[in-house]
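1. What follows is a predicted structure for the sequence shown.
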Amino acid sequence: MELPDKMYYSISEIAEYTGIEPHVLRYWESEFPTLKPKRSRSGTRTYQKKDIEEISAIRRLLHEQGYKIEGARKMRRREISELRSDDSIQVKKQTAASDNTQIKQKLADILKLVQELGADESGNDK
């Protein structure tokens, strides 16, 4: 089944798409703090794409890599921590590049002022 392109999905749609029974999805919600679908006003679960990605990651750890619940929970925490660290490094690199550009511009401005002052002084001496 291909998942339709929309913002929210029901638990039955997710179950059909992932092959994970609804009761298992509900159990995973209690075991994995990273899996928290929103609830509609009527209290039904509404899953988003980020929830589907989380379910796929959990499924991979449990069904394909053979982890037990506790091990999969630890691995997800580690994976998420590494992703956040990578994001943080990327932001720091972007900030440093921006800072370097600003510093270069300020140095160019200072050099221009020094050159203009030097030209003025040599012009005044004549």
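-> Okay, I see it.

2. Quick check: S10 touching Q48?
-> No - the pair formed by S10 and Q48 falls short of the contact definition of C-beta atoms under 8 Å, at 11.8 Å. From N, CA and C alone the C-beta is placed, and that goes for glycine too.

3. Do a quick rundown of the strands in the protein.
-> Assigned by DSSP state E, the chain shows strands spanning 38-39, 45-46.

4. Direction included, what does the first one pair up with?
-> I take that to be strand 38-39. Strand 38-39 pairs in its sheet with strand 45-46 (antiparallel), by DSSP bridges.

5. Report the mean confidence score over the partner strand.
-> Strand 45-46 shows a mean pLDDT of 94.

6. swap in stretch 71-83?
-> If you average the pLDDT over stretch 71-83, you get 88.

7. who does the helix ranked longest in the chain touch, helix- and strand-wise?
-> The helix spanning the most residues in the chain, taking DSSP state H as the definition, is helix 69-125. If you count contacts as 3 or more C-beta pairs under 8 Å, 6 or more residues apart in numbering; DSSP states H and E, helix 69-125 packs onto helix 49-59.

8. Return the list of helices and strands in contact with the helix it packs on.
-> With contacts defined as 3+ C-beta pairs under 8 Å, 6+ apart, the packing partners of helix 49-59 are helix 11-18, helix 22-31, helix 69-125.
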